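>>> Please work out how this folds:
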Amino acid sequence: MADPDFNAELNRLRPTLMRFAVLQLRDEQSAEDVVQDTMLAALQGREKFSGRAQLKTWLVAILKNKIVDRIRQRSREAPLPQVGDSEAEDFDALFQADGHWQEKPSNWGNPEAALQQSRFYDVMELCMNALPENLARVFTMREILEMETEEICKELAISTSNCWVVLYRARMRLRECLQLKWFSEGVGAE
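Predicted structure coming up:
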């Protein structure tokens, strides 16, 4: 028998799940599919939800698995292109000839306080959306979906060294974006 409160809570959390899925998959249709699969799995597995965790946490865990499955499916269909020379030039511009930073990174204030501010997540999402697709995909697989590097390399048919370069470039671009759109405005600084 259907539980109206459970169904209402699923409907309330659906937009959050969609935002997360779109951010990870960068494709509205695929995101819609994995969210629908997540909702169906939640309805079918309702009795498995013990209530020890929040419903949102449980749903996001299901969604992460669905996203990983979708990424694996995609990776078998379309290989990830290798990192290009233009990105290497952008990266090299951050450093001096002796390997030191061109400019010392600015003070980011107290990172824990910044993370607690909900607007930070909006800016982070904006920065993630600004990443080139190959950087965003590898970063998402490693840092958000917590896949192992070996598994990422296998799924995307890239070398380990290329994976680490892509991760580093994604982190640097996110750092630059956050510095520009969050920390330089004094929002994240103490």
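>>> quick one: the helices in this protein?
4-25, 28-44, 55-77, 85-92, 111-116, 118-130, 133-139, 149-156, 160-178 (DSSP state H).
>>> What average pLDDT does the shortest one get?
This predicted structure assigns helix 111-116 an average pLDDT of 61.
>>> Then the first one?
Average pLDDT, helix 4-25: 88.
>>> packing partners for that helix?
With contacts defined as 3 or more CB pairs under 8 Å, 6 or more residues apart in numbering; DSSP states H and E, the packing partners of helix 4-25 are helix 28-44, helix 55-77, helix 118-130. (Each C-beta comes from the backbone N, C-alpha and C, glycine too.)
>>> wait, which of these is closest to Q96?
helix 118-130 (25.1 Å; CB to CB).
>>> Tell me how far the closest one lies from the chain's centre.
Mean C-alpha position of helix 118-130 versus that of the full chain (CA atoms, centre = their mean, to the nearest Å) differs by 10 Å.
>>> Show the pLDDT at the nearest residue to D69 once chain neighbours are set aside.
Taking CB to CB, 6 or more residues apart in numbering as the measure, D69 lies nearest to V34, with 8.0 Å between them; neighbours along the chain are not counted. For V34, the model assigns a pLDDT of 95.
>>> Tell me which residue lies nearest the centroid of this structure.
Centre of the chain computed as the mean C-alpha position; nearest residue by CA atoms, centre = their mean is T140, 3.8 Å away.
>>> My read is that it contacts V22, right?
No. With contacts defined as CB atoms under 8 Å, T140 does not count as touching V22, sitting 11.5 Å away.
>>> ok so, going back, how deep is the residue nearest to D69 tucked in, by neighbour count?
Neighbour count of V34, defined by other CB atoms under 10 Å: 27.
>>> what's the most buried one of the helices of the chain?
Among the helices of the chain, ranked by average contacts under mean count of other CB atoms under 10 Å, first place goes to helix 133-139 (a mean of 21).
>>> Tell me where the chain is predicted with low confidence.
Screening the chain residue by residue with the criterion pLDDT under 70, one finds the ranges 1-2, 75, 77-91, 104-108, 111-118, 185-190.
>>> domain assignment for it?
The record's domain parsing of the chain by automatic domain parsing lists 4-77, 85-183.
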